[in-house]
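>>> got a predicted structure here, sequence first:
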Amino acid sequence: DAMVIQNPRYQVTQFGKPVTLSCSQTLNHNVMYWYQQKSSQAPKLLFHYYDKDFNNEADTPDNFQSRRPNTSFCFLDIRSPGLGDAAMYLCATSREGGGTAYEQYFGPGTRLTVT
Amino acid sequence: AQSVTQPDIHITVSEGASLELRCNYSYGATPYLFWYVQSPGQGLQLLLKYFSGDTLVQGIKGFEAEFKRSQSSFNLRKPSVHWSDAAEYFCAVGQSNFGNEKLTFGTGTRLTIIP
(Lines give C-alpha, C1' and ligand atoms only; values in the text may rest on other atoms or scores of the structure.)
Protein backbone atom coordinates (compact mmCIF):
# COMPACT_ATOMS: atom_id res chain seq x y z
CA ASP A 1 0.00 0.00 0.00
CA ALA A 2 1.15 3.49 -0.79
CA MET A 3 1.88 5.36 2.37
CA VAL A 4 3.79 7.95 4.38
CA ILE A 5 6.38 6.50 6.74
CA GLN A 6 8.03 8.28 9.61
CA ASN A 7 11.06 7.12 11.52
CA PRO A 8 11.56 6.79 14.33
CA ARG A 9 8.12 6.68 15.91
CA TYR A 10 9.59 7.77 19.23
CA GLN A 11 12.70 9.84 19.69
CA VAL A 12 14.33 10.95 22.91
CA THR A 13 17.02 13.60 22.76
CA GLN A 14 18.85 15.74 25.25
CA PHE A 15 18.45 19.45 25.63
CA GLY A 16 20.58 21.12 22.95
CA LYS A 17 21.55 17.89 21.15
CA PRO A 18 20.72 17.99 17.42
CA VAL A 19 18.14 15.53 16.21
CA THR A 20 16.86 14.51 12.78
CA LEU A 21 13.46 13.08 12.02
CA SER A 22 12.79 11.38 8.72
CA CYS A 23 9.82 10.95 6.44
CA SER A 24 9.45 8.89 3.31
CA GLN A 25 6.54 8.39 0.96
CA THR A 26 5.55 5.94 -1.72
CA LEU A 27 2.68 8.07 -3.04
CA ASN A 28 4.89 9.97 -5.49
CA HIS A 29 3.39 13.25 -4.29
CA ASN A 30 5.38 16.35 -5.07
CA VAL A 31 4.33 18.33 -1.99
CA MET A 32 5.59 17.42 1.47
CA TYR A 33 4.78 19.11 4.77
CA TRP A 34 6.10 19.11 8.32
CA TYR A 35 3.75 19.90 11.17
CA GLN A 36 4.35 20.26 14.89
CA GLN A 37 1.53 19.13 17.15
CA LYS A 38 1.63 19.69 20.88
CA SER A 39 -0.65 17.90 23.26
CA SER A 40 -4.34 18.65 22.71
CA GLN A 41 -3.55 21.23 20.04
CA ALA A 42 -4.05 21.51 16.32
CA PRO A 43 -1.18 20.66 14.00
CA LYS A 44 0.94 23.71 13.25
CA LEU A 45 2.60 23.92 9.85
CA LEU A 46 6.35 24.44 10.07
CA PHE A 47 7.26 24.36 6.38
CA HIS A 48 6.53 22.59 3.14
CA TYR A 49 8.14 21.72 -0.16
CA TYR A 50 6.74 22.00 -3.65
CA ASP A 51 9.15 19.62 -5.31
CA LYS A 52 12.46 21.19 -4.23
CA ASP A 53 11.02 24.64 -3.57
CA PHE A 54 11.15 25.25 0.16
CA ASN A 55 8.44 27.33 1.86
CA ASN A 56 9.02 28.35 5.45
CA GLU A 57 6.23 29.60 7.69
CA ALA A 58 6.95 33.06 9.04
CA ASP A 59 6.77 31.96 12.67
CA THR A 60 8.84 28.80 12.36
CA PRO A 61 11.90 29.18 14.59
CA ASP A 62 15.33 29.18 12.95
CA ASN A 63 16.12 26.18 15.12
CA PHE A 64 14.08 24.08 12.71
CA GLN A 65 15.50 23.18 9.31
CA SER A 66 14.45 20.80 6.58
CA ARG A 67 15.99 18.91 3.70
CA ARG A 68 14.41 17.14 0.78
CA PRO A 69 17.07 15.24 -1.15
CA ASN A 70 14.58 13.62 -3.53
CA THR A 71 10.85 13.19 -4.14
CA SER A 72 10.49 10.36 -1.66
CA PHE A 73 12.35 11.65 1.37
CA CYS A 74 12.15 14.66 3.62
CA PHE A 75 14.02 15.38 6.86
CA LEU A 76 13.35 17.65 9.80
CA ASP A 77 16.43 18.84 11.64
CA ILE A 78 16.19 20.46 15.04
CA ARG A 79 19.56 22.06 15.65
CA SER A 80 19.32 22.69 19.38
CA PRO A 81 16.17 21.20 20.86
CA GLY A 82 14.65 22.94 23.82
CA LEU A 83 12.11 21.59 26.27
CA GLY A 84 9.43 23.50 24.38
CA ASP A 85 10.14 21.49 21.24
CA ALA A 86 8.80 18.31 22.76
CA ALA A 87 5.85 17.43 20.56
CA MET A 88 4.50 15.09 17.92
CA TYR A 89 5.97 15.85 14.50
CA LEU A 90 3.79 14.94 11.57
CA CYS A 91 4.83 14.57 7.98
CA ALA A 92 2.23 14.86 5.23
CA THR A 93 2.12 14.76 1.46
CA SER A 94 -0.22 15.92 -1.25
CA ARG A 95 -0.43 16.45 -4.97
CA GLU A 96 0.12 19.95 -6.22
CA GLY A 97 -2.57 22.18 -7.55
CA GLY A 98 -6.10 23.26 -6.80
CA GLY A 99 -8.15 21.42 -4.27
CA THR A 100 -6.04 18.30 -4.35
CA ALA A 101 -3.26 20.13 -2.55
CA TYR A 102 -5.45 20.20 0.53
CA GLU A 103 -6.03 16.45 0.53
CA GLN A 104 -3.08 15.61 2.68
CA TYR A 105 -1.87 12.16 3.58
CA PHE A 106 -0.27 11.97 6.99
CA GLY A 107 2.32 9.70 8.45
CA PRO A 108 1.87 8.26 11.96
CA GLY A 109 4.13 10.90 13.47
CA THR A 110 7.29 10.94 15.54
CA ARG A 111 6.89 11.77 19.20
CA LEU A 112 9.89 13.76 20.36
CA THR A 113 10.87 13.91 24.01
CA VAL A 114 13.53 16.37 25.18
CA THR A 115 15.24 15.60 28.46
CA ALA B 1 -7.03 35.59 7.62
CA GLN B 2 -8.98 32.39 7.49
CA SER B 3 -9.82 30.66 10.73
CA VAL B 4 -11.69 27.64 11.99
CA THR B 5 -13.52 27.33 15.30
CA GLN B 6 -14.51 24.08 16.93
CA PRO B 7 -16.51 25.15 19.97
CA ASP B 8 -16.62 21.73 21.64
CA ILE B 9 -13.34 20.58 23.15
CA HIS B 10 -14.67 17.23 24.32
CA ILE B 11 -17.86 15.32 23.55
CA THR B 12 -19.06 12.05 25.08
CA VAL B 13 -21.58 9.93 23.23
CA SER B 14 -23.09 6.54 23.90
CA GLU B 15 -22.33 3.80 21.42
CA GLY B 16 -25.13 3.65 18.86
CA ALA B 17 -26.22 7.23 19.44
CA SER B 18 -26.05 9.94 16.82
CA LEU B 19 -23.22 12.44 16.66
CA GLU B 20 -22.78 16.01 15.52
CA LEU B 21 -19.48 17.87 15.80
CA ARG B 22 -19.57 21.59 15.17
CA CYS B 23 -17.26 23.63 12.98
CA ASN B 24 -17.45 27.29 12.05
CA TYR B 25 -15.13 28.97 9.62
CA SER B 26 -14.14 32.46 8.67
CA TYR B 27 -13.33 32.89 4.99
CA GLY B 28 -14.12 35.56 2.43
CA ALA B 29 -14.79 33.36 -0.58
CA THR B 30 -16.22 29.88 -1.03
CA PRO B 31 -14.00 27.78 1.19
CA TYR B 32 -12.45 24.41 0.76
CA LEU B 33 -13.48 22.56 3.93
CA PHE B 34 -12.28 19.32 5.44
CA TRP B 35 -12.70 17.00 8.36
CA TYR B 36 -9.76 14.94 9.51
CA VAL B 37 -9.71 12.28 12.23
CA GLN B 38 -6.76 11.39 14.44
CA SER B 39 -6.70 8.19 16.45
CA PRO B 40 -4.51 8.18 19.56
CA GLY B 41 -0.82 8.23 18.70
CA GLN B 42 -1.51 8.31 14.97
CA GLY B 43 -1.43 10.75 12.11
CA LEU B 44 -4.49 12.42 10.63
CA GLN B 45 -6.79 10.78 8.11
CA LEU B 46 -9.08 12.63 5.75
CA LEU B 47 -12.75 11.86 6.46
CA LEU B 48 -14.40 14.08 3.87
CA LYS B 49 -14.09 17.30 1.93
CA TYR B 50 -16.24 20.05 0.47
CA PHE B 51 -15.12 22.02 -2.56
CA SER B 52 -18.36 23.10 -4.24
CA GLY B 53 -21.69 21.77 -5.43
CA ASP B 54 -23.87 19.59 -3.25
CA THR B 55 -23.73 20.97 0.28
CA LEU B 56 -24.13 17.55 1.89
CA VAL B 57 -20.99 15.52 1.45
CA GLN B 58 -20.39 11.90 2.28
CA GLY B 59 -17.16 10.59 3.67
CA ILE B 60 -15.55 7.43 4.87
CA LYS B 61 -16.63 5.40 7.91
CA GLY B 62 -20.26 6.51 7.58
CA PHE B 63 -19.62 10.19 8.25
CA GLU B 64 -21.26 13.09 6.46
CA ALA B 65 -21.02 16.86 6.73
CA GLU B 66 -23.22 19.72 5.62
CA PHE B 67 -21.94 23.06 4.36
CA LYS B 68 -24.17 25.96 5.38
CA ARG B 69 -22.95 29.22 3.95
CA SER B 70 -25.50 31.31 5.86
CA GLN B 71 -24.17 29.98 9.14
CA SER B 72 -20.52 29.66 8.10
CA SER B 73 -20.67 26.10 9.35
CA PHE B 74 -19.51 22.68 8.27
CA ASN B 75 -20.78 20.28 10.93
CA LEU B 76 -19.84 16.62 10.94
CA ARG B 77 -22.51 14.00 11.58
CA LYS B 78 -22.88 10.29 12.01
CA PRO B 79 -26.22 8.58 12.67
CA SER B 80 -24.85 5.82 14.88
CA VAL B 81 -21.37 5.88 16.44
CA HIS B 82 -19.19 2.86 17.07
CA TRP B 83 -16.61 2.46 19.81
CA SER B 84 -13.91 2.68 17.13
CA ASP B 85 -14.97 6.26 16.36
CA ALA B 86 -13.33 7.46 19.58
CA ALA B 87 -10.66 9.86 18.36
CA GLU B 88 -9.79 13.53 17.89
CA TYR B 89 -11.60 15.27 15.05
CA PHE B 90 -10.21 18.31 13.29
CA CYS B 91 -12.05 20.65 10.98
CA ALA B 92 -9.86 22.51 8.50
CA VAL B 93 -10.12 25.17 5.84
CA GLY B 94 -7.86 25.35 2.82
CA GLN B 95 -6.26 28.64 1.93
CA SER B 96 -4.10 29.65 -0.96
CA ASN B 97 -1.45 32.33 -0.77
CA PHE B 98 0.34 33.06 -4.04
CA GLY B 99 -0.08 29.46 -5.11
CA ASN B 100 0.92 27.95 -1.79
CA GLU B 101 -2.00 25.90 -0.60
CA LYS B 102 -2.19 25.30 3.14
CA LEU B 103 -4.61 23.89 5.65
CA THR B 104 -5.68 25.82 8.73
CA PHE B 105 -6.91 23.46 11.41
CA GLY B 106 -9.33 24.03 14.24
CA THR B 107 -8.28 23.10 17.74
CA GLY B 108 -10.04 19.76 17.56
CA THR B 109 -12.87 17.95 19.34
CA ARG B 110 -12.07 14.86 21.32
CA LEU B 111 -14.79 12.23 21.04
CA THR B 112 -15.29 9.66 23.78
CA ILE B 113 -17.66 6.73 23.29
CA ILE B 114 -19.27 5.08 26.29
CA PRO B 115 -20.94 1.65 26.23
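It's in. Residues are numbered from 1 along each chain as shown, chains lettered A, B, ... in the order given.
>>> only C-alpha atoms from now on, for both contacts and neighbour counts.
Noted.
>>> how about the contacts made by A:Gly97?
B:Glu101 (CA atoms under 8 Å, 6 or more residues apart in numbering or on different chains).
>>> likewise for A:Asp51?
A:Asn30, A:Val31, A:Met32, A:Thr71 are the contacts of A:Asp51 under CA under 8 Å, 6+ apart.
>>> for chain A, what lies in contact range of chain B?
For chain A, the residues in contact with chain B (CA under 8 Å from any CA of the partner chain) are A:40-43, A:90, A:97-99, A:101-109.
>>> against B:Phe34, how distant is the closest residue to B:Gln71 other than its chain neighbours?
Closest residue in space to B:Gln71, ignoring its immediate chain neighbours: B:Asn24 at 7.8 Å, by CA to CA, 6 or more residues apart in numbering or on different chains. Look at B:Asn24 and B:Phe34: by CA to CA, to the nearest Å, they are 12 Å apart.
>>> do the same with B:Leu111
On the measure of CA to CA, B:Leu111 and B:Phe34 end up 17 Å apart.
>>> quick one, which of the two is more surrounded?
Between B:Leu111 and B:Phe34, counted using other CA atoms under 10 Å in any protein chain shown, B:Phe34 has the larger neighbour count: 24 against 19.
>>> does the helix or strand harbouring the more buried one reach chain A?
Taking DSSP states H and E as the criterion, the element that holds B:Phe34 is strand B:32-38. Yes - using CA under 8 Å from any CA, strand B:32-38 reaches chain A at B:Tyr32.
>>> how many other residues sit next to A:Asn56?
By other CA under 10 Å, neighbour count at A:Asn56 equals 17.
>>> beta partners for it?
Following DSSP bridges, A:Asn56 is listed with bridge partners A:Phe47.
>>> what does A:Phe75 give?
Those that pair with A:Phe75 in a beta bridge, by DSSP bridges, are A:Ser22, A:Arg67.
>>> how about the strands in chain A?
A:4-7, A:10-13, A:19-25, A:31-37, A:44-50, A:53-56, A:64-67, A:73-78, A:87-94, A:105-106, A:110-114 (DSSP state E).
>>> then chain B?
B:3-5, B:10-14, B:19-21, B:24-26, B:32-38, B:44-50, B:56-58, B:64-68, B:73-78, B:87-97, B:100-105, B:109-114.
>>> for A:Arg79, which non-adjacent residue is closest in space?
Using CA to CA, 6+ apart, the closest residue to A:Arg79 is A:Pro18 (4.6 Å).
>>> and that neighbour, how many neighbours does it have?
13.
>>> ok, it - contacts?
A:Pro18 sits in contact with A:Asp77, A:Ile78, A:Arg79, A:Ser80, A:Pro81, where contact means CA under 8 Å, 6+ apart.
>>> buried residues in the lowest-mean-pLDDT helix or strand in chain B?
Ranked by mean pLDDT, DSSP states H and E, the weakest helix or strand in chain B is strand B:100-105, scoring a mean of 84. The neighbour-count check on strand B:100-105 (16 or more other CA atoms under 10 Å in any protein chain shown) flags B:Glu101, B:Lys102, B:Leu103, B:Thr104, B:Phe105 as buried.
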